[in-house]
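> Fold the stuff below for me.
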Amino acid sequence: MNSTVEIIFGLVGGLAVFLYGMNMMSECLQKAAGEKMKSILAMLTKNPVLGVLAGALTTAVLQSSSATTVMAIGFVSAGLMKLPQAISIILGANIGTTMTAQIIAFKISDYIFIIIFVGFIISFMAKSEKLKNIGLTIFAFGLLFLGIETMGDVMKPLASSPVFTDMISKVADIPVLGVAVGTLMTLVVQSSSATIAVLQNFASQAGPDGVTSILGLTGAIPILLGDNIGTTITALLASIGQSRDAKRTAVAHCVFNLSGSLLFIWFIKPFAQFVRWISPSGPEAEVISRQIANAHTTFNVVMTLIWIPLIAVLVKIVMKIVPEGKKQMLALSEPLYLDNKLINQPAPALQLVAREVVRCSEIVSDMLKETVQLVRKEEKYRIAEIREKGNTVKTLNQKITEYLAELFAAGVLTEEQATQTAGMMYVLSDVDRIGLLTKDVVGCVEDKKQKKYKYSKEAMKDLEKSLVLIEEMFSGALQIMITGDLENAKKVLKKKEKVLDLDITMRKKHMERVGKGKCGAKLTAPFNRILHSVDRMGNTCANIADAALGQVDFTYFIYDGSED
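This next block holds a predicted model:
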């Protein structure tokens, strides 16, 4: 085979193995630690330093700045996080993502296959899902280094090619050209981690003297800066078609890296001297991989320290670049929080589903309040509003269920998350059922022919009492979801007994009124239908309370609303 073709095949093949290992490791780590990462981001306060730490830690564990950025964008779009907080997380993610380069700088070529073997054995023999994911993470970690080793092996002949070394010397002597090369590489590969890995491997090749690097640190730094610019362009392209806040978050990422590259390009030689000073000493070809990793980390730490006190300025900049446009009013039946781009990240996706279920529950709560007013004041105009909201709840229920089904189909859910998803479906079906039963009650109290109510005042007052009780029960159930307060659950269950007592009393009073001629006998069937619906509504509220006390974990629902 032609040597040039062999080098190209080795490079693309090694890069493919590296990217596959990176993606696999990220996915398995998210399954193993995604819930903890969600908790870390949930603990975020208005302090930007904590935001940076949360973003750095999440990215370092998940080995994916994209995963952290998508989480932040999703939370901003859902109103769970403000733009300044998302920006602080992204600043941290830039530091966290440098961990990949630091790991790559370790020379573990002698242990690659044993790492792959250990990972395979653990994943193959493990019975628990968590241990299996840990095994697959180790296996992917080995593949990542196997890809790096493959790329390194095929690059060795390039070091002795006069044509290639002459071309590299030009890139090393002209920083702007190096930045352009780095940017182009990242745009093609769509992964700054991969291009930096290639850069580390290439720079590790010794020149003709067998000691100095073929590229040198001053030649590698501009390419590194270009890699950082390239990854922001990827983020900008990914934000096309997303919310305005998502675009602003991507622009903030772009401003961060672009401003850093424009600043550091003027100080490449002193920056290289500083990196050499903080890095291990030794023959350049042997230590340059660590030097590049340290340069990457230093660049992001310095720029983060510069921007942390200027986050308010950065917010103004991105608001200026992506200004407020005309607000598009979404139909009430359109999901407000669901984001299809988060399907492969179940931790934030389930958080947003929970917010959508709560929103759906709030619409049902409004329906109950309007039904009470309809019965109390005979405000007939409310009938159409209640029915429209009932249709909205039905549509939302269908879309949320489809979204949850897509999460299942994606195969990214852990056993715990699958249980949480089933619990959400259970609660959602109860919310939908109350919406349907409220529509049934409205249908029974409306005389479609004469457009007026024919029940006696006593019957309407009794009905009002029962509906007020149901409204209180559902309001309590909604509070259980939002706060996780189990005392509310016990109160809801106690009120169920009152609903049963009222049901028996109302049936008895109705028959007494029929006997006295105050109510028509023909109203007995529709009145019994109303009572049956009210009784089922009480049972459904009790189901939600029972779920909170037993089968369903309401962790994802709990939200203080402080960021709205």
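> show me where pLDDT drops low in the stretch 351-500 of the chain?
Across the stretch 351-500 of the chain, the ranges flagged by pLDDT under 70 are 446-454.
> State the distance from residue 139 to residue 20.
11 Å (Cβ to Cβ, to the nearest Å). Glycine gets a C-beta too; all of them are placed from N, C-alpha and C.
> Same drill for these two, tell me which one is more crowded.
residue 139 (24 against 15; other Cβ atoms under 10 Å).
> Now do the contacts for the more buried one.
Residues near residue 139 by Cβ atoms under 8 Å, 6 or more residues apart in numbering: 24, 115-116, 119-120, 122-123.
> In helices, which of those residues fall?
24, 115-116, 119-120, 122-123 (DSSP state H).
> By mean pLDDT, which helix or strand of this protein comes out lowest?
Across the helices and strands of the chain, mean confidence by mean pLDDT, DSSP states H and E is lowest for helix 162-173: a mean of 64.
> so what secondary structure elements neighbour the helix or strand just after it?
Where DSSP states H and E defines the elements, the next helix or strand beyond helix 162-173 is helix 175-189. Packing partners of helix 175-189 (3 or more Cβ pairs under 8 Å, 6 or more residues apart in numbering; DSSP states H and E): helix 162-173, helix 192-203, helix 217-238.
> Let me see the mean pLDDT of helix 175-189.
Averaging pLDDT along helix 175-189 gives 81.
> Centre of the chain to that helix, how far?
Offset of helix 175-189 from its chain centre (Cα atoms, centre = their mean, to the nearest Å): 30 Å.
> what's the answer for stretch 223-234, then?
24 Å.
> Contacts for that stretch next, please.
65, 171, 178-187, 190-192, 195-196, 199, 250, 253-254, 256-258, 260-261, 264-265, 292, 295-296, 299.
> Top of the ones in helices among the contacts of residue 139 by number of neighbours, please.
Sorting the ones in helices among the contacts of residue 139 by how many neighbours each has (other Cβ under 10 Å) puts residue 119 first, at 22 neighbours.
> nearest to residue 401, of the ones in helices among the contacts of residue 139?
Nearest to residue 401 among those, counting by Cβ to Cβ, is residue 24 at 30.0 Å.
> pretty sure the closest one is touching residue 140, no?
Yes. At 3.8 Å, residue 24 and residue 140 qualify as touching, with contact defined as Cβ atoms under 8 Å.
> Can you work out which residues contact both of those two?
With Cβ under 8 Å, 6+ apart applied, the contact sets of residue 24 and residue 140 do not overlap.
> wait, residue 336 sits on residue 356?
Yes. Counting by Cβ under 8 Å, residue 336 sits close enough to residue 356 to count as a contact (6.7 Å).
> Tell me which of the two has more neighbours.
Between residue 336 and residue 356, counting by other Cβ under 10 Å, residue 356 is the more crowded of the two (20 against 15).
> number of nearby residues for residue 304?
By other Cβ under 10 Å, neighbour count at residue 304 equals 23.
> repeat for residue 392
19.
> Over to the one 4 residues further on?
Residues lying near residue 396 (other Cβ under 10 Å) number 26.
> chain center to stretch 25-32, what's the gap?
14 Å.
> rewinding a little: buried only: go through the contacts of stretch 223-234 for me.
Among these, those classed as buried by 16 or more other Cβ atoms under 10 Å are 65, 171, 178-183, 185-187, 190-192, 195-196, 199, 250, 253-254, 256-258, 260-261, 264-265, 292, 295-296, 299.
> The closest residue to residue 506 other than its chain neighbours and residue 495, how far apart?
Excluding the flanking residues, the one nearest residue 506 by Cβ to Cβ, 6 or more residues apart in numbering is residue 462, at 4.8 Å. The gap separating residue 462 from residue 495 is 16 Å, by Cβ to Cβ.
> Who has more neighbours out of these two?
A count of neighbours by other Cβ under 10 Å puts residue 462 above the other of residue 462 and residue 495, at 22 against 18.
> got a list of what the more buried one touches?
By Cβ under 8 Å, 6+ apart, the contact list for residue 462 reads 502, 505-506, 509.
> picking that back up, in what element of secondary structure is the residue nearest to residue 506 found?
Assigned by DSSP H and E, residue 462 falls within helix 457-483.
> Only the buried residues of that helix, if you could.
For helix 457-483, the neighbour count (16+ other Cβ under 10 Å) marks 459-460, 462-467, 469-482 as buried.
> same check, this time on stretch 211-218
213-218.
> Take the residues you listed and write them to CSV, including distance to residue 368.
As requested, these are exported to CSV (distance: Cβ to Cβ, whole Å):
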residue, distance to residue 368
213, 72
214, 73
215, 69
216, 72
217, 68
218, 70
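> ok, the residues you listed vs residue 7, which is closest?
If you rank the buried residues of stretch 211-218 by distance to residue 7 using Cβ to Cβ, residue 214 comes first, at 14.3 Å.
> So that closest one sits against residue 205, correct?
Yes. Counting by Cβ under 8 Å, residue 214 does reach residue 205; the two are 4.7 Å apart.
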